[in-house]
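Q: Provided below are the primary sequence and the corresponding predicted coordinates.
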Amino acid sequence: MPSVVIGFVSGGQLLVSGNYASGQGYSPEGGVQIKADRSNSGSVYVALSGGVTVTSGGLFTSGGGRMDGMQLAPGDAYWAPRIGITNSGALNIYVGCDAACSGQARVYYEVF
């Protein structure tokens, strides 16, 4: 399973991107499995429609202010079904983390 170390980046980090309608990038048939490493010292945030905004309170919204993602505690997993990711062809999944674990938070992902 591929993984990436994430930091406290304004707007979050792009985890998976592509446009499967044009044959470029990832093309999920079923969805994307995302798992936070159990040794993370804070939460990881996942957003399906745009960048992630993590506030001091730990809350987040994604592009356009929609609440369409998930907060993952260390060791938690999130299944983003293909139908819930997008309906237009562009696939962008962003991840962010608490400031306490910036540069140390690891998230695993697999495209199915």
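A: Nice, thanks for sending it over. Being a predicted model, the structure only gives us computed values, none of them experimental. Residues are numbered from 1 along each chain as shown.

Q: Report the contact partners of Gln104.
A: Taking C-beta atoms under 8 Å, 6 or more residues apart in numbering, we find Gln104 in contact with Val5, Asn40, Ser41. For every residue, glycine as well, the C-beta is placed using N, CA and C.

Q: Just the buried residues of those residues.
A: Buried by 16 or more other C-beta atoms under 10 Å: Asn40, out of the contacts of Gln104.

Q: So which of the contacts of Gln104 is the closest to Gln71?
A: In terms of C-beta to C-beta, no member of the contacts of Gln104 lies closer to Gln71 than Asn40, at 12.0 Å.

Q: Note down every partner strand of the helix or strand hosting Gln33 and its orientation.
A: Element membership of Gln33, judged by DSSP states H and E, is strand 31-36. Strand 31-36 sits in its sheet next to strand 77-81 (antiparallel), strand 105-111 (antiparallel), going by DSSP bridges.

Q: ok, and which of these has the densest surroundings?
A: Compared across the strands paired with strand 31-36, strand 105-111 shows the largest average neighbour count, a mean of 19 (mean count of other C-beta atoms under 10 Å).

Q: what's in contact with it?
A: The contact list for strand 105-111, computed with C-beta under 8 Å, 6+ apart, reads 1-7, 15-16, 26-28, 32-37, 39-42, 44, 72, 93, 95, 97-98.

Q: quick revisit: next secondary structure after the strand holding Gln33?
A: Counting by DSSP H and E, the next helix or strand C-terminal to strand 31-36 is strand 44-47.

Q: Next, the angle from whichever helix or strand Leu15 is part of to strand 77-81.
A: If you go by DSSP H and E, Leu15 is part of strand 13-19. Angle of strand 13-19 versus strand 77-81, following axes from the mean of the first three to the mean of the last three C-alpha atoms, to 10 degrees, is 20 degrees.

Q: End to end on stretch 98-112, go ahead and measure it.
A: Its start and end residues considered, stretch 98-112 measures 27 Å (C-alpha to C-alpha, to the nearest Å).

Q: And for stretch 82-97?
A: Stretch 82-97 stretches 23 Å from its first residue to its last (C-alpha to C-alpha).

Q: Packing partners of the helix or strand harbouring Val5?
A: Val5 belongs to strand 3-6 when assigned by DSSP H and E. Judged by 3 or more C-beta pairs under 8 Å, 6 or more residues apart in numbering; DSSP states H and E, the packing partners of strand 3-6 are strand 13-19, strand 90-97, strand 105-111.
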